[in-house]
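Participant: Build me a structure from this.
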Amino acid sequence: MLGKDKRQKRILVSGAGGFIGSHLARFLYNKGNYVRAVDIKFDPWISMPFCSEALTRDLRIPEYCYGACKGIDQVYHCAANMGGIGYITSCHADIAHDNVLLNIHMIQAALDCYVQRLVFTSSACIYPNYLQLDPDVTPLTESDAMPADPNEVYGWEKLFAEQVCDAYIEDKGMSIGVARLHNVYGPQGTYRGGKEKAPAALCRKVAMASDPGDITIWGDGTATRSFLYIDDCVKGLVRLMNTDLEGPFNIGSDSLISVDQLADTIIKISGKKITKAYDTSKPEGVVGRNADLTYVKEVLGWEPKVGLIKGLEKTYKWITKMVKIDAGKEQSP
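Facilitator: Next up, the predicted model:
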């Protein structure tokens, strides 16, 4: 099947059953590439078609990684056990176990299968806690990762994976690019179940609220972040793949906003009259995080294009649709 296809490049997207991976796979597929999408499960809301070949595989098992990489030119390694702040603060062992296995086996399989290039999706969670103690945070540069002090196991695991990438570059001669993703959001992402992140969680809460109604925000709302729309993320990853640059590169936005302001923006988009309450017993992560994009703009020639309001409008519209579908299922006999 793979050998007979006339598409341009043979590309593997691991984690293609999830949010970023499925959007990336669809973008590459629509560009005329042969895309092999592999994941342990596929989100039911992924719109078709989005790939040439979809394989359900547990990539913690080395044989499945080898099979996924066989005959492939490029690998986007997006597979990871991850979620929002509630998940990554409560499931440390599962995150460490699963992601260490995923990363070691996938990188080794790419080497064994003579893959031309691999892009690894790291995370802004690798940055040290001591640089993220102020809501008015100084934007984080790529060189700020050391001395290391990520605030959760998820960040430590991603930082270790970056070191593994460096080792395979230096010792094995592999071509690997590392992208540190910052708070990616958009339609067709997890919006319920405990693994959703702040933009999706707030969109869901507002969509489910009565009018007038109320929502509860985790924390006191003062924590700050910058948020990157999924289309910009995908284009950044593809640009990195089509170079020989190693990075790491911040793939994010430098437009800082508080969680409270994020909620206000979503409420305004909804047109509802919503009262906000705060649950300070819930985890909220670091106090402030923002991306410095100087290096990625100068060296990779990439920067985000989609503004937060436009991105949230699309995200809220999709999540509202999904909330209505869920409500219909619950009311069915």
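
Participant: Now do the strands in the stretch 201-333 of the chain.
Facilitator: Per DSSP state E, counting those that start in this stretch, the stretch 201-333 of the chain carries strands over the ranges 213-218, 224-225, 228-229, 249-251, 257-258, 274-279.

Participant: okay, the ones you listed, which one's buried deepest?
Facilitator: strand 249-251 (a mean of 30; mean count of other CB atoms under 10 Å). For glycine as for every other residue, the C-beta is placed from the backbone atoms N, C-alpha and C.

Participant: so what does that strand touch, helix or strand wise?
Facilitator: strand 176-181, helix 230-241 (3 or more CB pairs under 8 Å, 6 or more residues apart in numbering; DSSP states H and E).

Participant: Relative to G71, which of those is closest?
Facilitator: The closest approach between G71 and any of the helices and strands packed on strand 249-251, judged by CB to CB, belongs to helix 230-241 at 17.5 Å.

Participant: okay, the helices and strands packed on strand 249-251 in CSV with distance to S52, mean pLDDT and mean neighbour count next?
Facilitator: Formatted as CSV, the helices and strands packed on strand 249-251 follow (distance: least, CB to CB, whole Å; pLDDT from 0 to 100; neighbours: other CB atoms under 10 Å):
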stretch, distance to S52, mean pLDDT, mean neighbour count
strand 176-181, 23, 99, 24
helix 230-241, 17, 99, 22
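
Participant: And the lengthiest helix in the chain, what's buried?
Facilitator: Longest helix in the chain, counting residues (DSSP state H): helix 308-331. Neighbour-count burial for helix 308-331 flags L308, G311, L312, K314, T315, Y316, W318, I319, T320, M322, V323 (criterion: 16 or more other CB atoms under 10 Å).

Participant: And for stretch 24-32?
Facilitator: Result for stretch 24-32 [16+ other CB under 10 Å]: buried residues L24, A25, R26, F27, L28, Y29.

Participant: before we move on, the earlier item: and K9, which of the helices and strands packed on strand 249-251 is closest to it?
Facilitator: Per CB to CB, nearest to K9 of the helices and strands packed on strand 249-251: helix 230-241, 9.5 Å.

Participant: which other residues reach that closest one?
Facilitator: By CB atoms under 8 Å, 6 or more residues apart in numbering, the residues outside helix 230-241 that reach it are 19-20, 23-24, 27-28, 74, 76, 117, 119, 121, 177, 179, 181, 184-187, 189, 247, 249, 251, 253, 296, 300-302, 304-306, 311.
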